[in-house]
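Undergrad: This is a predicted model, with the sequence first.
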Amino acid sequence: MNITYYGHSCFGVEVKGKNLLFDPFISPNELAKNIDVNKVAADYILISHGHEDHIADAVAIAKRTNAKVICNWEIYNWLTKQGVENIHPMNCGGKVKLDFGNVKCVVAQHSSSLPDGSYGGNPMGFVVESTEGNFYYAGDTALTYDMKLIGDYRQIDFSFLPIGDNFTMGADNAIIACDFIRCNDIIGMHYDTFGFIKIDKSEAVSKFERAGKKLTLMEIGTQLKK
Ligand code: NI
Ligand code: MN
């Protein structure tokens, strides 16, 4: 799998030749100003919840690429009103079989409203399963015991976890999450974009190291093979 970091919680993951794009928030992100949002590839757009910093570019990218959007029922209704047509609505606990593998929606402990203030439904994370491997994209979430169910459910090869604290869990709780999901190979997200979530990156990496786990913090615009 080929992973591209577009900043904040936005990643592209190529699975079986299909481009999965998570939580597109690029054009308003000062740290991602070198990314051309008009060139971001997507066959699927997975949206964890309705907050602006996860959905800002979703409508434009969905319309340009005609990617299938995976999101909850309330976001499905909202995107439909914005003229997005190719959407697969889901909700927590549900799984769908797609051409690259499966996507299972899992619990995230957070809130969710849409940019216009309307109700965004429940926030979610995603477990992606394919013959190339399985990974967990947590979205915005606190540490929650529900993560143990993810570890029970599937072998997770690597995981995207928020580490910015304040709005989500921080590095200390993400280290505990590793034990719950039984995965020690973590790509960090949701840090440094705004003042509230600025972190000491080298301290976070060494905390993971001391706990016997690996935290990778990708440079925006770079790629990583898994
Ligand atoms: Ni959020
Ligand atoms: Mn957020």
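TA: Arrived safely, thanks for sending. Ligands and ions are numbered 1, 2, ... in the order given.

Undergrad: Surely Asn91 is in contact with Ile70?
TA: No. No contact is recorded between Asn91 and Ile70 when judged using CB atoms under 8 Å, the distance being 11.2 Å. In this view, the C-beta of every residue, glycine as well, is placed from N, C-alpha and C.

Undergrad: Comparing those two, which residue is more hemmed in?
TA: With neighbours defined as other CB atoms under 10 Å, Asn91 and Ile70 compare such that Ile70 has more, 24 against 14.

Undergrad: Is the more buried one bridged to anything, and to what?
TA: When assigned by DSSP bridges, Ile70 has beta-bridge partners Leu46, His88.

Undergrad: shouldn't it be in contact with Gly94?
TA: No. The pair Ile70 and Gly94 fails to qualify as a contact (CB under 8 Å) at a distance of 10.2 Å.

Undergrad: Around ligand 1, which positions in the chain sit nearby?
TA: For the chain, the contact set with ligand 1 under CB under 5 Å from the ion comprises His51, Asp140.

Undergrad: near ligand 2, which residues of the chain?
TA: Taking CB under 5 Å from the ion as the criterion, the contact residues of the chain with ligand 2 come out as His51, Asp53, Asp140.

Undergrad: ok, now with 6 Å
TA: Proximity of the chain to ligand 2 is assessed by CB under 6 Å from the ion, with His51, Asp53, His54, Asp140, Phe167, His190 identified as the residues in range.

Undergrad: can you give me the strands in the chain?
TA: Counting by DSSP state E, residue ranges of the strands within the chain are 2-5, 11-15, 18-22, 44-46, 68-72, 87-90, 95-98, 101-107, 124-130, 133-137, 158-162, 185-189, 214-216, 223-225.

Undergrad: Reformat these as TSV; add distance to Ile197 and mean pLDDT.
TA: As requested, these are arranged in TSV below (distance: least, CB to CB, whole Å; pLDDT from 0 to 100):
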stretch	distance to Ile197	mean pLDDT
strand 2-5	16	98
strand 11-15	17	98
strand 18-22	17	99
strand 44-46	21	99
strand 68-72	23	98
strand 87-90	27	98
strand 95-98	31	98
strand 101-107	22	98
strand 124-130	18	98
strand 133-137	18	98
strand 158-162	9	99
strand 185-189	10	99
strand 214-216	15	98
strand 223-225	22	98
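
Undergrad: how far away is Gln109 from Tyr136?
TA: Here the distance between Gln109 and Tyr136 works out to 14 Å (CB to CB, to the nearest Å).

Undergrad: And these two? Which one has more around it.
TA: Between Gln109 and Tyr136, counted using other CB under 10 Å, the more crowded position is Tyr136 (26 against 19).

Undergrad: residue contacts, the closest residue to that one other than its chain neighbours?
TA: Leaving out its chain neighbours, the residue that sits closest to Tyr136 by CB to CB, 6 or more residues apart in numbering is Ser159, at 4.3 Å. For Ser159, the residues meeting the contact criterion (CB atoms under 8 Å, 6 or more residues apart in numbering) are Phe135, Tyr136, Tyr137, Ala138, Cys178, Ile181, Cys183, Asp185, Ile186, Ile187.

Undergrad: and the residue nearest to Tyr5 when sequence neighbours are not counted, how many neighbours does it have?
TA: Take Tyr5 and drop its neighbours on the chain: the residue closest to it by CB to CB, 6+ apart is Met218, 3.9 Å away. The local packing count at Met218 equals 17, with neighbours defined by other CB under 10 Å.

Undergrad: pLDDT score for Met218?
TA: Met218 is assigned a predicted lDDT (pLDDT) of 98.
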